[in-house]
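[1] Can you look at this prediction? I've put the sequence above it.
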Amino acid sequence: MNTKKTIGIIPGDGIGRDVTKAARIVLDAIDAAYDDLQFEYRHMDVGEAAVKRHGAAFPDETREGIAECDAVLFGAIGAPHDFVVLSGIRYGFHLYANVRPIKALKGVSVLQPGADLVVIRENTEGLYKGIGYDDGDHHVNLRVFTDEGMERIIRFSFEWARKNGRRKVTFTHKESILRHTDARMKDLFYEIAAEYADIESDDMEIDACAMRVVMKPGTLDVVIAENANGDVLSDVGGGIIGGLGFTPSANIGRDLAMFEPVHGSAPKYADKDVVNPTATLMALRMMLEYLGRNDIAARLQASIESVLEAGKVRTYDIGGNSSTSDFARAVAAGLTGS
Ligand code: IPM
Ligand code: MN
């Protein structure tokens, strides 16, 4: 078995540097603690750093480097380069499924302690495809679905639910208005759902689902959403569990995946070693699952949860004054038992 994994590290802008540094502390601890897993890192630039070094926010060097990695960890990216960089990675590498878990953790002040759902955002089509035109006083952006893209994300969601012990998949839409896209996709959803008799399936209009996330998140499990809807819904979800500091994500394609916190680059906290790296460390946990190391992933998640619950090492956002790297070191220590 190949025990060496090439991990791409893309800090990006602002606090992306702080949180990827924290992730390295944990990755290095895993590398040292497990004989059957070694990491080789490949550092790549995007955003401001890439503009300075290579003259472009998403340079060819980075695109080529990503292609050689087993998995990529991404920090954060701010305006004005966010769309160019994220679409370069997500669309460029066909990372069609954006998996965004929304789970309330103990030790964090949350609106909904019972929340434990997963938004699966379609990541390459829909309204964010960017196709449109201006014609006089008409300004148009199109919501684009393809048969292939619809089927791919629906199947992915059922497979993901099955693999992760989830019991229900909910399809969100606005089928009453969006007949060409959402009504069609809903039919396909139920056709495919019939092949997964072990998993419950239902559907909801997206607006009703957004309210459901806020008021009764415990009734939701895996939720499929179109690209733009999923973008909004995952921030709504973040809002009920203490914010985007607690929302990791996995961008998954056929043969590559990129992992990132859902939050942005928060430039005013950059390089201060103060932000909460929980979302990034949980993105790392998702990376370990992707790499087939559920054993280490489970230990990492347990360590993150116990550091938060114990409350001794707390970053400023949860009422403490520990640093980003203090938090990462505490998680690393809990993970390896040192
Ligand atoms: C996200 C972000 C990005 C998106 C922006 C920064 C382009 O909001 O990852 O959710 O819309 O996908
Ligand atoms: Mn977003």
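    Thanks, I have the structure now. Everything numeric in this text was worked out from a predicted model, so none of it was measured. Ligands and ions are numbered 1, 2, ... in the order given.
[2] wait, R329 sits on R24?
    No - R329 is not in contact with R24 according to Cβ atoms under 8 Å; the separation is 11.4 Å. C-beta: built from backbone N, CA, C; applies to glycine.
[3] Mind checking which of the two has more residues around it?
    Set side by side, R329 and R24 show more neighbours around R24, with 21 against 18, by other Cβ atoms under 10 Å.
[4] Now do the same contact list for the closest residue to N294 other than its chain neighbours.
    In space, and not counting its chain neighbours, N294 is closest to L288: 7.5 Å by Cβ to Cβ, 6 or more residues apart in numbering. Applying Cβ atoms under 8 Å, 6 or more residues apart in numbering, one finds that L288 lies in contact with 30, 294, 296-297, 300.
[5] out of those, which are buried?
    Neighbour counting by 16 or more other Cβ atoms under 10 Å classes 30, 296-297, 300 among the contacts of L288 as buried.
[6] For stretch 143-153, the averaged confidence score.
    Stretch 143-153 carries an average pLDDT of 98.
[7] if I look at G65, how far off is H54?
    11 Å (Cβ to Cβ, to the nearest Å).
[8] Neighbour count: these two, which is higher?
    G65 (18 against 15).
[9] so what's the more buried one scoring on pLDDT?
    Reading off the model, G65 has pLDDT 98.
[10] Check which helix or strand it maps to.
    G65 is part of helix 60-67, with elements assigned from DSSP states H and E.
[11] Show me what residue of the stretch 201-338 of the chain gets nearest to ligand 1.
    Of all residues in the stretch 201-338 of the chain, D231 sits closest to ligand 1, at 4.5 Å by Cβ to the nearest ligand atom.
[12] any chance you could map the strands in the stretch 51-200 of the chain?
    Under the criterion DSSP state E, counting those that start in this stretch, the stretch 51-200 of the chain contains strands at 71-76, 97-103, 116-122, 132-135, 138-141, 168-173, 200-205.
[13] can you count the residues close to the closest residue to ligand 1 within the stretch 1-150 of the chain?
    Proximity of the stretch 1-150 of the chain to ligand 1 (Cβ to the nearest ligand atom) peaks at D82, 3.7 Å away. Neighbour count of D82, defined by other Cβ under 10 Å: 18.
[14] about what we covered before: quick check: closest non-adjacent residue to the residue of the stretch 201-338 of the chain closest to ligand 1.
    In space, D231 is closest to R121, 6.5 Å off (Cβ to Cβ, 6+ apart).
[15] in the sheet, who's paired with that neighbour?
    Partner residues in beta bridges with R121, using DSSP bridges, are N98, A225.
[16] What is the neighbour count of it?
    A count of neighbours around R121, defined by other Cβ under 10 Å, yields 26.
[17] Okay, now the unreliable bits of this protein?
    Low-confidence segments of the chain, defined by pLDDT under 70: 1-2, 338.
[18] Which strand in it has the most residues?
    strand 4-12 (DSSP state E).
[19] would you list the strands of the stretch 51-200 of the chain in TSV and tack on distance to I10?
    Compiled in TSV, the strands of the stretch 51-200 of the chain are given as follows (distance: least, Cβ to Cβ, whole Å):
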stretch	distance to I10
strand 71-76	5
strand 97-103	16
strand 116-122	20
strand 132-135	29
strand 138-141	28
strand 168-173	30
strand 200-205	35
